[in-house]
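*Asks:* mind looking at a prediction? Sequence and model below.
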Amino acid sequence: MTLVTAKDLKKTYEVGDIPVDAIRGANFTIQSASFVSFVGPSGSGKSTLLNMIGCLDPPSGGTLTVIGQDVSKLSKKESAKFRGTHIGFIFQDFNLIPVLTVSENIEYPLQMVQSWPAEERKKRVDKMLTAVGMQDQGHKYPRQISGGQKQRVAIARALVTQAKLVLADEPTANLDRDTAMRIIILMKKMRDEFGTTFVFSTHDPKIVGNAETVFNVEDGIVFESKAEGERDA
């Protein structure tokens, strides 16, 4: 099943009076329950692509269909509702709320965008804590856990709304090699268990090597390259 389709996708920013083409006519598809990486140097446009797929930034041209919805036609309010219902986010700096406990951080999206009763929220949070191996850490605050544990919490938060699509911007950038590998293995486990599609913007060869689909981004142009496993075949 195709989850994301981009056709002649464009994004142009105005820098002063000068238009800058961040994405220039991108065409690609992303399948459900897949591990996908956008790879390229800083400023190439890969984060812009994630922002458009995540309904954070509207396209300037072309069409972008995400989970059956042409998101290029959504208003800001509609984009926020769609994003909160269908899409999860993982960031390199974790973005946990310091005054909330681990459990409260995971629960936060359910309170913001989902009308779940308190009892159902607790069941869902407990399930996600167990899924990421943090079932005994729910009472702690972000300052009391390690970087790897913070990223586990971020993964649980991204999946707690039962999001079909998770967008991860350099999720291993602030982790050491061993911790990064454990996080990658955890995300693949979550993909297999929940059927979630993970889309990465990354420089990390460990993520690229585990991706089934790799898109190279250079100067706003997107082209697909073979994933690591296909190159070795």
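*Replies:* Yes, it's here.
*Asks:* C-alpha from now on. contacts and neighbour counts both.
*Replies:* Fine.
*Asks:* what sits against I221?
*Replies:* Residues counted as contacts of I221 (CA atoms under 8 Å, 6 or more residues apart in numbering) are 23-26.
*Asks:* just give me the closest of those to L175.
*Replies:* Comparing those against L175 with CA to CA places I23 closest, at 29.2 Å.
*Asks:* can you select the buried ones among the contacts of I221 for me in PyMOL?
*Replies:* Of these, the buried ones go into a single PyMOL selection, burial set by 16 or more other CA atoms under 10 Å:
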select buried, resi 23+24+25+26
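*Asks:* for the chain, which helix is longest?
*Replies:* Assignment by DSSP state H gives helix 177-194 as the longest helix of the chain.
*Asks:* just the CA trace of that helix, in CSV.
*Replies:* Once non-C-alpha atoms are left out, helix 177-194 reads as follows in CSV (Å, rounded to 0.1, in the frame of the first residue of the first chain):
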residue,chain,number,x,y,z
ARG,A,177,27.1,4.5,18.4
ASP,A,178,25.9,1.6,20.6
THR,A,179,22.9,3.6,21.8
ALA,A,180,22.1,4.7,18.3
MET,A,181,22.1,1.0,17.1
ARG,A,182,19.8,0.0,19.9
ILE,A,183,17.4,2.9,19.0
ILE,A,184,17.4,1.8,15.3
ILE,A,185,16.7,-1.8,16.3
LEU,A,186,13.8,-0.6,18.6
MET,A,187,12.3,1.5,15.7
LYS,A,188,12.4,-1.5,13.4
LYS,A,189,10.7,-3.6,16.1
MET,A,190,8.0,-0.9,16.4
ARG,A,191,7.6,-0.9,12.6
ASP,A,192,7.1,-4.7,12.6
GLU,A,193,4.8,-4.7,15.6
PHE,A,194,2.6,-1.7,14.7
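*Asks:* measure the spatially most central residue of the chain to G195 for me?
*Replies:* Taking CA atoms, centre = their mean, the centroid of the chain lies closest to L167, which sits 1.0 Å from it. Relative to G195, L167 is positioned 14 Å away (CA to CA, to the nearest Å).
*Asks:* cool, L50 as well?
*Replies:* The gap separating L50 from G195 is 20 Å, by CA to CA.
*Asks:* can you check Y108 too?
*Replies:* Separation of Y108 from G195 (CA to CA) stands at 22 Å.
*Asks:* equivalent analysis for A22, please.
*Replies:* Distance of A22 to G195, given as CA to CA: 31 Å.
*Asks:* the two: who's more crowded?
*Replies:* Taking other CA atoms under 10 Å, A22 and G195 do not tie; A22 has more neighbours (21 against 17).
*Asks:* now do the contacts for that one.
*Replies:* Contacts of A22 (CA under 8 Å, 6+ apart): 10-13, 44-45, 48, 219-220.
*Asks:* one more pass at 7 Å, please.
*Replies:* Applying CA atoms under 7 Å, 6 or more residues apart in numbering, we find A22 in contact with 11-12, 45, 220.
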